[in-house]
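Participant: Starting from these lines, generate the structure:
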Amino acid sequence: MASKAWGRPWVWDPRLTTALLSLLIYVAYLVLRAFAGGGEGERRFAAALGVLGAANLPIIHFSVKRWGGMHPNVIGSGGGGLHHPDMKLALGMGFLTFTLLALAMLVVRARLHLAESRLAALEQQAIELGIDED
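Facilitator: Residues are numbered from 1 along each chain as shown. Below is the predicted model:
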């Protein structure tokens, strides 16, 4: 898609580059949490990666303000994208959609945690009753 717009597959635009850095930080966080184990050191390192990922968000904003880039400024002074009512509707629908997606993911995660705790309680009861795992 970038090849059609800019004639090459990757452009070193500040917004794209810092967003890629943020994505790589969050992928590293998820991989570390999934595969490194549950030790104290692993949890601390994952927390530090999460803080680094959150600290990168203002860097993305200020890199665009400082270095410009190829993308137009849509929201704010000098932008021209939100004057039309359809664009305001699209922005509002996007906010609503991602809010509902986040809430749905939160509900699914809570239900998963509840099921895991119930399973752990049932396993503990089975151990106390002397039921073998075989």
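Participant: Kindly provide the whole-number mean pLDDT of the longest helix belonging to the chain.
Facilitator: For the chain, the helix reaching the highest residue count under DSSP state H is reported as helix 85-129. Helix 85-129 carries an average pLDDT of 94.
Participant: Show me how far that helix is from its chain's centre.
Facilitator: From the chain centre to the centre of helix 85-129 is a distance of 15 Å (Cα atoms, centre = their mean, to the nearest Å).
Participant: what's that helix packed up against?
Facilitator: Applying 3 or more Cβ pairs under 8 Å, 6 or more residues apart in numbering; DSSP states H and E, we find helix 85-129 packed against no helix or strand. All C-beta spots, glycine's among them, are computed from the backbone N, C-alpha and C.
Participant: Quick check: phi and psi on the most centrally placed residue in the chain?
Facilitator: For the chain, the residue nearest the mean C-alpha position is Tyr26 (6.6 Å; Cα atoms, centre = their mean). Note on Tyr26: backbone dihedrals following degrees, to the nearest 10 are phi -70, psi -40.
Participant: Contacts only, for the closest residue to it other than its chain neighbours.
Facilitator: The shortest distance from Tyr26 to any non-neighbouring residue, by Cβ to Cβ, 6 or more residues apart in numbering, is to Gly53 (5.2 Å). The contact partners of Gly53, taken as Cβ atoms under 8 Å, 6 or more residues apart in numbering, are Ser22, Ile25, Tyr26, Tyr29.
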